[in-house]
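Asker: Sequence and predicted structure, then a few things I'm wondering about:
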Amino acid sequence: MSRLREIAERTPARRERHIDLLRAVAIMAVVIGHWLVIAVEPTEDTIEGFSALVEVQWGHPLSWLFQVMPVFFIVGGFANAASLTSHRRDGGVDAGWLLDRSARLVQPTAVLLVVLGGGAVVALWLGADPDLIGTAVWLASLPLWFLVVYLAMVFLTPIMHALHRRAGLAVPVLLLVPVLVGDVLRLNLHNEAFAYGNFVFAWLAIHQIGFSWQDGRLPTGARVSVPLLTGGLAAVVLLTVVGPYPISMVTVPGADVQNSSPPTLALLSLATAQLGLALLLRGPSERWLQRTRPWTVVVAINAIILTLFLWHMGAAVLATLGLYLAGLLPSLPVGSAAWLWWQIPWIMILAVVLAGLVAIFGRMETRAAGPPRHRPPIPAKAATWMVRTGPETAVATAGYLLALLGLLWQANAGEAYHGPFGLPTGSLLLFLAGAAVLWLARVTRTAAEEQDLAHRSGQADSGRRNNR
């Protein structure tokens, strides 16, 4: 904790601490929201699990509080724009930024998939039911759908940021047009496939808002934040209570229309309200976060935020299996008073299990975010050629595409047993291949930059000696 406190105290004055707080609050809302919506029941010879929202209709409006993915994309846009701008200002190229940015996302995710695949192999060897293995792996890997979209946003950031510099807030406004078209088609033709483009267009629009916040194009005063908050909420109410969209902002199995998959105009209206609230609280939040203690807590959460996200459903799987094997998993009617009271110890148990997983895997996220430890030796001429010509652009693109295809395959695989690893073997191999390509390109790039810098320094020293 002393190290985190030291990091917190060294935070530059120019840092927008409110952004970090939003990210920390959002991850806690996601984790607790997912834990609350899980309903598990023991049967004679297995465990059954389903979404509590199927039974608890009154919980649908509460999903407005826990659907915070728009906040993640706003914050992500802000952070990606700030990081890319700083990287370019220091003389870096976009390919180098993409490689650095991929490390913290891809490497911890690769660890998760390897552990899940290895666990499935061991469970199968011990005689576990393949269907149960498939369900457990599917549930533990549910967070990966978000990484499919977010990793795509990161990959598109250099291009979209260039558009932002030219057109500003006009870009997200124009992105709303295909979202509207997709919604009209899906609602009238009763086919979600017509709106699949919203996975890209809707989240890109929200991500672009983060760009505008970062460079000051987005006004942050009450004259803007209050209308965004009230107008967004009014639109959500009209679109859901009066209009054709469901009230729940998270997935409800069996519903004809889902607001989050693919994103709808109703979800974008909620995002507008969340943006207004975030802007409205910015001033008080920044003043509060100047205190060392709350800011240290925010720094601590952000240091392991991807670990929390990746492993929180795995914690639910482990806790459920442990309680079931110990004979302590209760069978309670979903929505009953007893079930509601059970949520308190349930959340506490899951928090303890997740804390254990973070203790094991959290360091990997911190290491991935830092400079690579392994640097292959590269000849001076080759290093100079790499730094100046940037061949890693094509390599980085290939790595991102492989990783995205692997994640997309897994996200669409569904709840079933897909082979010895519990998930599709092809998806695992694709993602790991992409992760390997990105890692190798990054360490090679870092080594080339260091070798080129050393070569230039040597030439400068030689020139100074010759001029004496």
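Answerer: Now that the structure is in, tell me what you want to look at.
Asker: any low-confidence regions in the stretch 301-450 of the chain?
Answerer: The stretch 301-450 of the chain contains residues with pLDDT under 70 at 369-391, 447-450.
Asker: tell me the helices in it, going along the chain?
Answerer: 305-325, 337-369, 380-389, 392-411, 425-466 (DSSP state H, counting those that start in this stretch).
Asker: Could you dump the ones you listed into JSON lines with mean neighbour count added?
Answerer: Backbone N, C-alpha and C define where each C-beta goes, glycine included. Below are those laid out as JSON lines (neighbours: other CB atoms under 10 Å):
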{"stretch": "helix 305-325", "mean neighbour count": "21"}
{"stretch": "helix 337-369", "mean neighbour count": "15"}
{"stretch": "helix 380-389", "mean neighbour count": "15"}
{"stretch": "helix 392-411", "mean neighbour count": "20"}
{"stretch": "helix 425-466", "mean neighbour count": "17"}
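Asker: can you tell which of those helices is closest to Gly119?
Answerer: Ranking these by proximity to Gly119 (CB to CB) places helix 305-325 first, at 9.1 Å.
Asker: Out of the helices of the stretch 301-450 of the chain, flag the one nearest Gln274.
Answerer: helix 305-325 (18.0 Å).
Asker: Quick one: work out the angle between the closest one and helix 337-369.
Answerer: 140 degrees (axes from the mean of the first three to the mean of the last three CA atoms, to 10 degrees).
Asker: Give me the helices and strands touching helix 305-325, please.
Answerer: Packing partners of helix 305-325 (3 or more CB pairs under 8 Å, 6 or more residues apart in numbering; DSSP states H and E): helix 17-37, strand 38-42, strand 47-51, helix 94-125, helix 130-140, helix 337-369.
Asker: got the buried residues for the fifth one?
Answerer: What that stands for is helix 130-140. In terms of neighbour count (16 or more other CB atoms under 10 Å), helix 130-140 has its buried residues at 130, 132-140.
Asker: before we move on, the earlier item: of all the helices and strands packed on helix 305-325, which lies closest to Arg293?
Answerer: For the helices and strands packed on helix 305-325, proximity to Arg293 was assessed by CB to CB; helix 17-37 is nearest, at 13.1 Å.
Asker: Pull out the buried positions in the closest one.
Answerer: 17-27, 29-37.
Asker: now do stretch 114-127
Answerer: 115-117, 119-120, 123-124.
Asker: Go through those and name the one nearest Leu265.
Answerer: Each of the buried residues of stretch 114-127 was checked against Leu265 using CB to CB; the closest is Leu116, at 35.1 Å.
Asker: OK, contacts around the spatially closest residue to that closest one that is not a sequence neighbour?
Answerer: Among residues not flanking Leu116 along the chain, Val137 sits closest, at 5.3 Å (CB to CB, 6 or more residues apart in numbering). Counting by CB atoms under 8 Å, 6 or more residues apart in numbering, Val137 touches 116-117, 119-120, 421-423.
Asker: give me that answer again for 7 Å
Answerer: Contact partners of Val137, counting by CB atoms under 7 Å, 6 or more residues apart in numbering, are 116, 120, 422-423.
Asker: With Ala273 instead?
Answerer: Ala273 neighbours (CB under 7 Å, 6+ apart): 228-229, 232-233, 236.
Asker: right, and the helix or strand after whichever strand or helix holds it?
Answerer: Under the criterion of DSSP states H and E, Ala273 resides in helix 265-280. Per DSSP H and E, helix 265-280 leads on to helix 282-288 as the next helix or strand towards the C-terminus.
Asker: Which elements pack onto that following helix?
Answerer: Helix 282-288 is packed against helix 17-37, with contacts defined by 3 or more CB pairs under 7 Å, 6 or more residues apart in numbering; DSSP states H and E.
Asker: now what about the helix it packs on, what contacts it?
Answerer: 51-53, 66, 68, 71-72, 75, 78-79, 278, 282, 285-286, 289, 295, 298, 301-302, 305, 308-309, 312-313, 316, 343, 347, 350.
Asker: cool, stretch 310-322 as well?
Answerer: Stretch 310-322 is contacted from outside by 31, 34-35, 38, 40, 47, 108-109, 112, 136, 139-140, 142-143, 329, 349-350, 353-354, 357-358, 361, using CB under 7 Å, 6+ apart.
Asker: what's the angle between the helix holding Ala273 and helix 17-37?
Answerer: Put simply, helix 265-280 runs at 140 degrees to helix 17-37, going by the same axes, to 10 degrees.
Asker: Would you mind checking the average pLDDT for helix 265-280?
Answerer: The average pLDDT within helix 265-280 is 95.
Asker: shouldn't Val250 be in contact with Val68?
Answerer: No. Between Val250 and Val68 there is no contact under CB atoms under 7 Å: 10.3 Å.
Asker: which SSE is Leu187 in?
Answerer: Using DSSP H and E, Leu187 falls within helix 170-189.
Asker: helices and strands around the next helix or strand after that helix, which ones?
Answerer: Per DSSP H and E, the first helix or strand lying C-terminal to helix 170-189 is helix 198-215. On a contact count with 3+ CB pairs under 7 Å, 6+ apart, helix 198-215 meets helix 69-89, helix 144-167, helix 170-189, helix 265-280.
Asker: any idea which helix or strand comes after helix 198-215?
Answerer: Downstream of helix 198-215, the next assigned helix or strand under DSSP H and E is helix 222-237.
Asker: for that following helix, what is the average pLDDT?
Answerer: If you average the pLDDT over helix 222-237, you get 93.
Asker: and it, how far from the chain's centre?
Answerer: When C-alpha coordinates are averaged (CA atoms, centre = their mean, to the nearest Å), helix 222-237 and its chain have centres 26 Å apart.
Asker: Touching it from outside, list them.
Answerer: Residues outside helix 222-237 that contact it (CB under 7 Å, 6+ apart): 266, 269-270, 272-273, 275-277, 279-280.
Asker: Just the buried residues out of those, in PyMOL syntax.
Answerer: The following PyMOL line selects those of these that are buried, judged by 16+ other CB under 10 Å:
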select buried, resi 266+269+270+272+273+275+276+277+279+280
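Asker: how about a markdown table for the contacts of helix 222-237, with distance to Glu365 added?
Answerer: Formatted as a markdown table, these follow (distance: CB to CB, whole Å):
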| residue | distance to Glu365 |
| --- | --- |
| Ala266 | 33 |
| Ser269 | 33 |
| Leu270 | 29 |
| Thr272 | 31 |
| Ala273 | 31 |
| Leu275 | 27 |
| Gly276 | 31 |
| Leu277 | 28 |
| Leu279 | 29 |
| Leu280 | 31 |
